[in-house]
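*Asks:* I would like the atomic coordinates for the input below:
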Amino acid sequence: MRKYEEAMAHIRVTPAMRAQVLRRVRQSAARRTAWRRAAALAACLAVAVLGALALPSVRQPADDVGGVLAPGPTQAASAEELSRLAGFQAPELDVLPFVPQQVSYSLIGDLAQVQYRAGEDTVTCRKAPGQADISSDYQTYAQTDILEIGGIPVTVRGDGGLISLATWTDGDFSFSLASSQPLAPDVWTDMLSDIIGHGG
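*Replies:* The predicted structure is shown next:
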């Protein structure tokens with residue numbers, strides 16, 4: 001250590017040399033800072049671009065309609081407005097197993113949906129052009145039967161003698177009627193007679 005101190009004692013740094021060393025240290029630090037800023041800016045830009053690309057799918061989720069992803073729903077204020085948006089008469093029910101507290105009208109792709117709600121209970125009516133199953137209900141039910149309502153064969157599915165889902169077609173449109181709570185067949189007969197009587 002003593003030799004190092006002796007060697008360093010003989011080195012003299014002039015003010016010009018000192019200024020040059022300090023200038024190079026500052027330039028090196030400025031280059032590193034510029035690279036860090038550029039990298040941080042590029043990372044922020046990448047996050048912003050990815051966020052902008054993902055935002056439309058977050059704001060309007062797709063809905064599964066008959067096994068096909070459709071654009072997110074468009075809300076309507078009434079069955080009349082939903083019919084106008086869809087270009088065909090929206091499904092409606094006057095006969096329900098409860099007094100609805102809320103009714104929502106949605107257009108999902110070319111599918112018109114009306115949902116009646118009372119607390120946790122819902123009844124959902126769907127109608128769309130074509131003859132596909134538009135219920136989006138992929139449960140396996142123990143029972144499948146056919147009811148004849150107004151001359152139209154209606155497929156009903158359920159368990160334990162109760163029905164949860166009905167699907168049918170009139171040749172031009174497909175329909176589904178689903179209840180969150182399984183209901184007795186006579187309740188379903190009344191609901192189906194009502195909706196089919198409305199042109200469903």
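*Asks:* ok, residues contacting stretch 156-165?
*Replies:* Under the contact criterion C-beta atoms under 8 Å, 6 or more residues apart in numbering, stretch 156-165 has outside partners 135, 137, 139, 141-147, 166, 176-179, 182-185, 188. Where C-beta positions appear, they are placed from N, C-alpha and C, glycine not excepted.
*Asks:* now list the buried members of those.
*Replies:* 135, 147, 166, 176-179, 182-183, 188 (16 or more other C-beta atoms under 10 Å).
*Asks:* among those, which are in helices?
*Replies:* Using DSSP state H, Trp188 are the members of these that sit in helices.
*Asks:* which stretches of the chain form helices?
*Replies:* 2-9, 15-59, 79-86, 185-197.
*Asks:* could you give me the average pLDDT of the second one?
*Replies:* When pLDDT is averaged over helix 15-59, the result is 68.
*Asks:* got it, and the last one?
*Replies:* What helix 185-197 shows for mean pLDDT is 93.
*Asks:* CA atoms of the strand ranked longest in the chain as PDB?
*Replies:* Longest strand in the chain, counting residues (DSSP state E): strand 173-183. In PDB, the C-alpha atoms belonging to strand 173-183 read as follows (Å, rounded to 0.1, in the frame of the first residue of the first chain):
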ATOM      1  CA  PHE A 173     -86.400 -18.100 -36.900                       C
ATOM      2  CA  SER A 174     -85.000 -20.000 -34.000                       C
ATOM      3  CA  PHE A 175     -86.200 -19.400 -30.500                       C
ATOM      4  CA  SER A 176     -85.200 -20.400 -27.000                       C
ATOM      5  CA  LEU A 177     -86.800 -19.800 -23.600                       C
ATOM      6  CA  ALA A 178     -84.800 -20.500 -20.500                       C
ATOM      7  CA  SER A 179     -85.600 -20.300 -16.800                       C
ATOM      8  CA  SER A 180     -82.900 -20.000 -14.100                       C
ATOM      9  CA  GLN A 181     -85.200 -22.100 -11.800                       C
ATOM     10  CA  PRO A 182     -86.700 -25.400 -13.100                       C
ATOM     11  CA  LEU A 183     -90.500 -25.000 -13.500                       C
END
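*Asks:* counting by contacts, list what that strand packs against.
*Replies:* With contacts taken as 3 or more C-beta pairs under 8 Å, 6 or more residues apart in numbering; DSSP states H and E, strand 173-183 sits against strand 121-129, strand 162-169, helix 185-197.
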